[in-house]
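Q: Show me how the following folds:
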Amino acid sequence: KPLVEAYFKWVKQNVDKVLKKSKTHSGLTYSINQEKYLKRFLEDGEVPMDNNAAEQTIRSFCIGRRNWMVIDTISGAKASAIIYSIAETAKANNLKPYEYYEHLLTEIPKHLEDTGRGFLEYLLPWSDKLPANCRK
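A: Next comes the predicted model:
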């Protein structure tokens, strides 16, 4: 915490010493404007200090974004986002995405006539009811 406080003190003292149109000035101004949010990790140990995990997760998506240009409808974009989210959530829960999708596509049709959605609890990526072959 003392290092973070010292950083923000330094930023506030030095922001006016750099050219206003420079990237350094933009970065320092960003730090000042986002100070409350950048310090959030100090109050909650569950909040990471950086967003590296999130950036690593979306890296494969961003690298292949040219492949996504064929999605030219809102519905297609929503479907792709859902599929991608399921895959990334599976990975985050140490599941094998292919096997997990296979399990979902096998189990969900068995419940098409159900009036309740209680069965979904057992299909969530963190469920201990998932078959062993879905786990890494």
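Q: and the next element down the chain from the lengthiest helix in the chain?
A: Looking across the chain with DSSP state H, the single longest helix is helix 74-92. Using DSSP states H and E, the helix or strand that directly follows helix 74-92 along the chain is helix 97-107.
Q: next one: that following helix to chain centre, how far?
A: 21 Å (C-alpha atoms, centre = their mean, to the nearest Å).
Q: Quick one: residues contacting K1.
A: Residues near K1 by C-beta atoms under 8 Å, 6 or more residues apart in numbering: L42. No exception for glycine: its C-beta is placed from N, CA and C like everyone else's.
Q: Measure how the longest helix of the chain sits relative to helix 97-107, angle-wise.
A: Going by axes from the mean of the first three to the mean of the last three C-alpha atoms, to 10 degrees, helix 74-92 is angled at 120 degrees with respect to helix 97-107.
Q: tell me what helix 74-92 is packed against?
A: Packing contacts for helix 74-92, counted by 3 or more C-beta pairs under 8 Å, 6 or more residues apart in numbering; DSSP states H and E, involve helix 52-63, helix 97-107.
Q: As a quick check, tell me the outermost residue of the protein.
A: In the chain, K17 marks the outermost C-alpha relative to the chain mean, sitting 36.1 Å out by C-alpha atoms, centre = their mean.
Q: E99 against C134, yeah?
A: Yes. Contact criterion C-beta atoms under 8 Å: E99 and C134 qualify, at 4.7 Å.
Q: Who has more neighbours out of these two?
A: Per other C-beta atoms under 10 Å, whichever of E99 and C134 has more neighbours is C134, with 21 against 17.
Q: residues contacting that one?
A: So C134 contacts A90, L95, K96, E99, Y100, H103 (C-beta under 8 Å, 6+ apart).
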